[in-house]
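Only the shape, not the letters, is given here:
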């Protein structure tokens with residue numbers, strides 16, 4: 001059977017497909033697997049209990065009835081319009097205006113079937129072939145001002161890859177008075193001198209905050225500088241806020257969240273504990289919302305309403321923010337402290353550097369001068385029942401063949417339970433120590 005170029009692109013092996021396949025295989029395995037590789041959020045009792053109560057309430061208020069006149073918040077027996085569930089959008093408008101005074105209306109918000117769906121839309125809207133004022137075709141890229149970046153971005157373009165990326169400054173820093181940490185910072189000099197930016201070959205600027213995979217949080221000053229550059233070159237600034245403020249608020253730095261008509265904010269219900277409901281949220285100017293809604297109509301008919309039904313009352317009464325502030329963020333802060341302790345014990349004086357944990361649900365570990373690539377390390381760890389994600393997949397827009405650092409890092413989830421985290425880090429320590437010892441004794 002022969003596929004089109006479109007089909008061939010999406011059926012070739014990719015980092016995200018390998019990750020999801022390996023996670024699926026691990027879940028089916030009859031052998032124990034230390035799941036430190038995926039992006040699934042932790043199971044937090046207080047979070048799950050609130051969602052269960054809300055879910056049970058849906059069965060009592062008419063949400064599952066086929067009565068089109070039901071006054072229930074969201075009737076899952078009916079399609080929404082392509083923009084998404086109107087009740088949830090109204091609740092979000094009220095929530096954001098209440099907490100941030102953005103003066104949003106329902107024309108500023110659209111829903112998607114998860115953040116991955118949202119970025120498929122946005123990156124194809126702003127990256128790829130454009131027709132300029134002279135009726136000539138111009139290829140435009142999505143500018144990633146700080147790599148490494150999210151593994152799921154790499155392959156979402158319908159045809160080819162359209163990314164321009166800037167490598168980071170790497171600063172050695174302390175964390176809670178301890179050595180052995182580093183932090184990525186935006187190299188604005190390199191960014192401002194990009195030929196693609198000056199020549200009009202950038203369609204949008206995008207960053208995640210906190211960053212997946214590293215847990216890095218761009219400062220308010222860095223965000224303001226990026227916003228200024230985006231306006232100067234008349235391109236939107238897209239911010240992936242899947243782990244950020246105000247929900248799930250897995251962010252430890254003292255930062256603010258801003259929005260204007262040139263900013264596209266993307267949120268998700270996944271990391272508050274609802275990854276299976278596949279609900280993404282886009283806050284943007286009305287013309288972007290109209291475009292996303294039109295794409296929803298073609299690709300999905302309409303977004304799923306199940307996540308909206310659960311989240312609407314929690315957004316309306318601010319419980320979603322209370323849950324994020326009082327349960328979710330403290331849980332991951334505790335996990336981060338535990339992970340640092342375990343890693344220090346497992347690797348001692350071996351060449352381990354940890355990216356300063358400022359948010360998200362991952363640790364980014366740098367093994368300087370690692371004797372093998374982290375793709376090979378990934379395979380060795382998988383053989384020992386421990387899943388991580390190798391760094392090579394997190395550099396869209398970069399030729400990693402000439403960038404050694406891109407072959408020396410791994411992403412490790414800290415969302416697992418304490419026993420899995422302990423066992424997984426123990427295996428990582430054993431394998432990495434053995435690699436350095438073998439290289440030293442050659």
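Right, received. Where do you want to start? Just so it is clear, the model here is predicted, and its values are computed rather than measured.

Beyond the least confident helix or strand in the chain by mean pLDDT, next helix or strand please.
When the helices and strands of the chain are scored by mean pLDDT, DSSP states H and E, helix 15-28 comes last with a mean of 66. As assigned by DSSP states H and E, the chain's next helix or strand after helix 15-28 is strand 34-35.

Which is the succeeding secondary structure element to that following strand?
Counting by DSSP H and E, the next helix or strand C-terminal to strand 34-35 is helix 45-58.

Quick one: distance of that following helix to the chain centre.
Here helix 45-58 is found 24 Å from its chain centre; the criterion is Cα atoms, centre = their mean, to the nearest Å.

Correct me if wrong: residue 389 contacts residue 151.
Yes. In this structure, residue 389 is within contact of residue 151 by Cβ atoms under 8 Å, at 6.7 Å. C-betas here are computed from N, CA, C, even on glycine.

Neighbour count: these two, which is higher?
residue 389 (27 against 24; other Cβ atoms under 10 Å).

For the spatially closest residue to the more buried one that is not a sequence neighbour, grab phi and psi.
In space, and not counting its chain neighbours, residue 389 is closest to residue 411: 4.3 Å by Cβ to Cβ, 6 or more residues apart in numbering. Note on residue 411: its backbone torsions stand at phi -100, psi 130 [degrees, to the nearest 10].

Residue 411: what's it in contact with?
Residue 411 is in contact with 37, 213-214, 362-364, 388-389, 391, 394, counting by Cβ atoms under 8 Å, 6 or more residues apart in numbering.

what is it paired to in the beta sheet?
residue 364, residue 389 (DSSP bridges).

what comes up buried for the biggest helix by length in the chain?
Counting residues, the longest helix found in the chain (DSSP state H) is helix 418-440. Buried residues in helix 418-440, defined by neighbour count with 16 or more other Cβ atoms under 10 Å: 420-425, 427-429, 432, 435-436.

I'd like to know which elements it is packed against.
Using 3 or more Cβ pairs under 8 Å, 6 or more residues apart in numbering; DSSP states H and E, the elements in contact with helix 418-440 are strand 34-35, helix 329-347, helix 374-383, strand 386-387, strand 409-413.

For it, what is the distance to the chain centroid?
For helix 418-440 - counting by Cα atoms, centre = their mean - the centre lies 27 Å from the chain centre.

What average pLDDT does it get?
Helix 418-440 shows a mean pLDDT of 96.

Contacts for that helix next, please.
34-36, 335, 338-339, 342-343, 345-347, 350-352, 365, 367, 370-372, 377, 380-381, 384-386, 388, 410, 412, 414, 416.

Go again with 7 Å.
For helix 418-440, the external contacting residues (Cβ atoms under 7 Å, 6 or more residues apart in numbering) are 34-36, 338-339, 342-343, 346-347, 350-351, 367, 370-372, 380-381, 384, 386, 414, 416.

now do stretch 375-384
By Cβ under 7 Å, 6+ apart, stretch 375-384 touches 22, 370, 388, 390, 392, 410, 427-428, 431.

would you list those residues in JSON lines and tack on distance to residue 53?
Formatted as JSON lines, the contacts of stretch 375-384 follow (distance: Cβ to Cβ, whole Å):
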{"residue": "22", "distance to residue 53": "34"}
{"residue": "370", "distance to residue 53": "47"}
{"residue": "388", "distance to residue 53": "35"}
{"residue": "390", "distance to residue 53": "40"}
{"residue": "392", "distance to residue 53": "43"}
{"residue": "410", "distance to residue 53": "38"}
{"residue": "427", "distance to residue 53": "38"}
{"residue": "428", "distance to residue 53": "38"}
{"residue": "431", "distance to residue 53": "43"}
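
Residue 118 - how many residues pack around it?
Around residue 118 there are 26 residues (other Cβ under 10 Å).

Which element, helix or strand, includes it?
For residue 118, the host element (DSSP H and E) is helix 115-126.

Tell me which stretches of the stretch 201-350 of the chain form helices.
220-232, 286-299, 306-316, 319-323, 329-347 (DSSP state H, counting those that start in this stretch).

Tell me which of those helices sits nearest to residue 44.
Comparison of the helices of the stretch 201-350 of the chain against residue 44 by Cβ to Cβ identifies helix 329-347 as nearest, at 5.3 Å.

What's the first helix or strand after that closest one?
Helix 329-347 is succeeded, C-terminally, by strand 352-355 (DSSP H and E).

Averaged pLDDT, that next one. What do you get?
Averaged over strand 352-355, pLDDT sits at 98.

With distance to residue 44 as new columns, can the contacts of residue 411 be given to me in a markdown table?
Shown next, in a markdown table, are those (distance: Cβ to Cβ, whole Å):
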| residue | distance to residue 44 |
| --- | --- |
| 37 | 20 |
| 213 | 21 |
| 214 | 23 |
| 362 | 17 |
| 363 | 19 |
| 364 | 23 |
| 388 | 22 |
| 389 | 23 |
| 391 | 28 |
| 394 | 26 |
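
which one of those sits closest to residue 136?
Taking these together and measuring to residue 136 by Cβ to Cβ, the closest member is residue 394, at 33.9 Å.

contacting residues for the closest one?
Going by Cβ under 7 Å, 6+ apart, residue 394 touches 148-149, 151, 213.

same check, this time on residue 388
36-37, 378, 381, 410-412.
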